[in-house]
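Colleague: Return atomic coordinates for the entry below.
(2 chains, ligands or ions: 2)
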Amino acid sequence: MTTLDTRSATLASTRGRHRGIPLSRITTTELRKMFDTRSGFWLMASIGILALLATTAVILFASSHQMTYKTFTSAINIPMTVVLPVIAILSVTGEWSQRSGLSTFTLVPHRGRVIAAKAVACVSVAIVTIPLAFAIGALGNLVGTAIARVDPVWDLTVVNLLANVLANVLSLLFGFMLGVLIRNSVGALVAYFVYQFLLPTLSLILAASQDWFRELQPWIDFDYAQSALFDGALNTQQWTQLAITGTVWLIIPMIIGLRLVTRAEVK
Amino acid sequence: MITIESVTRTFAGFTAVDDVSFTAQPGRVTGFLGPNGAGKSTTMRILVGLTRATSGTASISGRRYVDLPNPGLEVGVLLDASAQHAGRTGREILSIAQRFMGLPRGRVEEMLDLVSLTAEEASRRVRDYSLGMRQRLGIATALLGEPEVLILDEPANGLDPAGIRWMRGLLLDYADRGGTVLLSSHLLHEIEVIADDLVVIGNGRIVAQGAKSQLLRSAGSLLRTTQREVLARALIDAGVSSSPVGEDGLLAQADTAEVGNIAFTTGVPVIELRPADGAGLEDMFLQLTAESRRDTIRDNQREGAVA
Ligand SMILES: Nc1ncnc2c1ncn2[C@@H]1O[C@H](COP(=O)(O)OP(=O)(O)O)[C@@H](O)[C@H]1O
Ligand SMILES: [Mg+2]
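Modeller: Numbering: from 1, shown residues only, chains lettered A, B, ... in the order given. Ligands and ions are numbered 1, 2, ... in the order given. Coordinates of the predicted model:
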């Protein structure tokens, strides 16, 4: 008979002998999928490249008394709050916009597990790359101050740095949530930029003109509550504000998004 | 074994799949045949859990697809060969599937070999693949986990004649080794040469199903006569329905012995009389295709009349 497949005479029935796919394996595979295209690779590489550019810009343009470690990390944080959420968004929406979800969700039919694995993979990327970016900033601080012939100023504590990492992870998760909720690359990216760049401005204008809003803002504006993390240690009230706004802006939409993902057709 | 029981799916009031039930048996190739838009893909998507059924159940070896612990090792699925991240290479797409399934890395090269994708082709990005190459890659992905069940949606699309022959051999061999194969097509001839069983669907409903040999046999007799009207009436009197074919032909729903007997007693000269040999199936299928087309024309006219 015509056959190219000479391995076995009959297909062995393997039914009932398979074990489930562990979450760790889904996570490492999803992690690989974030790097294995040219666009994915350069998006990842851009974290390092942009941190380097931001650091160089501080060395070139900051005056010698401005040149403290905090100036460097603040400069690095600007591209981070864009790139990390974009990475998170595309890792989710690609399954729909690039249609690879057809394979993914037939190989792993529990869609919640795929989304959880993607979340773990994205947060891992953030947790590895942010310290790396801050290390580039530290190097910049040493080089910059040496060039300017001043002593380096280390004006951030370890707690400050951890709060910075947390703030970045939160913006990444916000992007992730939009990806899950909208499931379309362009739509989710636009929504993220509106949230990240338009809403804070509107919020600022409103707070400047309306007294009632100025008092309310920390309790309803997630970005505002989150930005406190960049400035120093949070007090109990600020943590509460972060928890409340985080629940409203991040956790509830995420739950809605997860429900939609598990019910939606994968086309 | 694949079991589909009373599956119905409606999209905003439109019924794409309407109370569909059938099984696909191990050791056999089951052809799922129907014109474009008949509901084949929707049925197959429901089977693997990508689309939800409005009602009814679908199972594989007695379990729902979502309950399979590692589905890739039990069911090979190819629904749409173009549904891949265009920026990945063919090899990378296989590697991802291999990782999800937890298989040794060597399987990827074995499968590339099996579907005749060269090392150089496998390193190209799928955006630069022809449809035929994508189908081969899709078949490689489906076979990766050595599953017992294969579900393939129009796998012959885009394959060249040699590729179609190759796939036919592969699937026949697969069924010979005890595998269950469900494959869809909108071309009767394509599926006729490979399927053991046929399930014919039109406008979301099953219109015929059974062993191919039986469906072909039940097709009746084809005859040509100089007095078609007279013979048709005589056949009806004898309880045999018939339909005109061509200039002077009749397709009668009875075997050649009975039809010959009726013609003889009626005294009508017969030019030709032979078993219909699947012509009935082809007629039915053509009619089905024409019907769905006529429906859309009628709908358009109705819309035009309202406007
Ligand atoms: N998500 C959807 N929303 C609305 N209609 C749909 C959807 N999916 C399929 N259909 C319709 O259902 C019918 C059956 O489609 P399909 O199963 O793809 O047919 P086939 O694969 O037999 O060509 C078609 O009329 C198609 O337009
Ligand atoms: Mg189809």
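Colleague: Which strand or helix spans the residue of the stretch 101-250 of chain A found nearest ligand 1?
Modeller: As assessed by C-beta to the nearest ligand atom, ligand 1 sits closest to residue A:102 within the stretch 101-250 of chain A, at 13.4 Å. In this view, the C-beta of every residue, glycine as well, is placed from N, C-alpha and C. Here residue A:102 sits within helix A:101-107, counting by DSSP states H and E.
Colleague: So which elements touch that helix?
Modeller: helix A:69-97, helix A:111-148, helix B:90-101 (3 or more C-beta pairs under 8 Å, 6 or more residues apart in numbering or on different chains; DSSP states H and E).
Colleague: how about the longest one: buried residues?
Modeller: Applying a neighbour-count criterion of 16 or more other C-beta atoms under 10 Å in any protein chain shown, one finds A:111, A:113-123, A:125-126, A:129-130, A:133-134, A:136-138, A:140-141, A:144-145, A:148 buried in helix A:111-148.
Colleague: Could you verify my assumption that residue B:158 touches residue B:135?
Modeller: Yes - using C-beta atoms under 8 Å, residue B:158 is in contact with residue B:135, at 5.4 Å.
Colleague: Mind checking which of the two has more residues around it?
Modeller: residue B:135 (25 against 18; other C-beta atoms under 10 Å in any protein chain shown).
Colleague: how close does that one get to residue B:163?
Modeller: Separation of residue B:135 from residue B:163 (C-beta to C-beta, to the nearest Å) stands at 8 Å.
Colleague: now swap in residue B:43 and tell me
Modeller: Taken as C-beta to C-beta, the span from residue B:43 to residue B:163 is 25 Å.
Colleague: Stretch B:179-194 vs chain A: in contact?
Modeller: Yes - for stretch B:179-194, a contact with chain A is found by C-beta under 8 Å from any C-beta of the partner chain, at residue B:179.
Colleague: can you map out the strands along the stretch 151-300 of chain B?
Modeller: With strands called from DSSP state E, counting those that start in this stretch, the stretch 151-300 of chain B shows them at B:180-185, B:197-202, B:205-211, B:221-225, B:242-245, B:249-252, B:270-275.
Colleague: What does the pLDDT read for residue A:213?
Modeller: At residue A:213, the model reports a pLDDT of 88.
Colleague: What is the burial count for the nearest residue to residue B:105 once chain neighbours are set aside?
Modeller: Of all residues not flanking residue B:105 in the chain, residue B:98 sits nearest, at 6.7 Å (C-beta to C-beta, 6 or more residues apart in numbering or on different chains). By other C-beta under 10 Å, the residues close to residue B:98 number 22.
Colleague: Contact partners for residue B:98?
Modeller: Neighbouring residues of residue B:98 by C-beta atoms under 8 Å, 6 or more residues apart in numbering or on different chains: B:104-105, B:107-108, B:144.
Colleague: quick check, nearest of those to chain A?
Modeller: The nearest member of the contacts of residue B:98 to chain A, counting by C-beta to the nearest C-beta, is residue B:144 at 9.6 Å.
Colleague: Just list the residues touching that closest one, thanks.
Modeller: By C-beta under 8 Å, 6+ apart, residue B:144 lies in contact with B:72, B:76, B:94, B:97-98, B:101, B:103, B:107-108, B:111.
Colleague: switch to 6 Å and redo it
Modeller: Contacts of residue B:144 were listed using C-beta atoms under 6 Å, 6 or more residues apart in numbering or on different chains, and they are B:97, B:107, B:111.
Colleague: Which strand or helix spans the last one?
Modeller: This points to residue B:111. Using DSSP H and E, the element containing residue B:111 is helix B:106-114.
Colleague: which stretches of the chain have low pLDDT?
Modeller: You didn't say which chain, so I picked chain A. For chain A, applying pLDDT under 70 flags the ranges A:1-10, A:12-16.
Colleague: Not quite, go with chain B.
Modeller: Counting by pLDDT under 70, chain B contains low-confidence residues at B:217-219, B:277-280, B:284, B:287-288, B:291-307.
Colleague: What are the buried residues along the helix or strand containing residue A:41?
Modeller: Secondary structure assigned from DSSP H and E places residue A:41 in helix A:38-61. By 16+ other C-beta under 10 Å, the buried positions in helix A:38-61 come out as A:40, A:43-44, A:46-47, A:50-52, A:54-55, A:58-59.
Colleague: Equivalent analysis for stretch B:248-268, please.
Modeller: Residues of stretch B:248-268 classed as buried by neighbour count (16+ other C-beta under 10 Å): B:249-254, B:256, B:258-259, B:262-263, B:266, B:268.
Colleague: What parts of chain B come near ligand 1?
Modeller: Within chain B, the positions near ligand 1 by C-beta under 6 Å from any ligand atom are B:11, B:16, B:34, B:36-42.
Colleague: Quick check: the farthest pair among those?
Modeller: With distances taken as C-beta to C-beta, the most widely separated pair in these is B:11 and B:34, at 17.0 Å.
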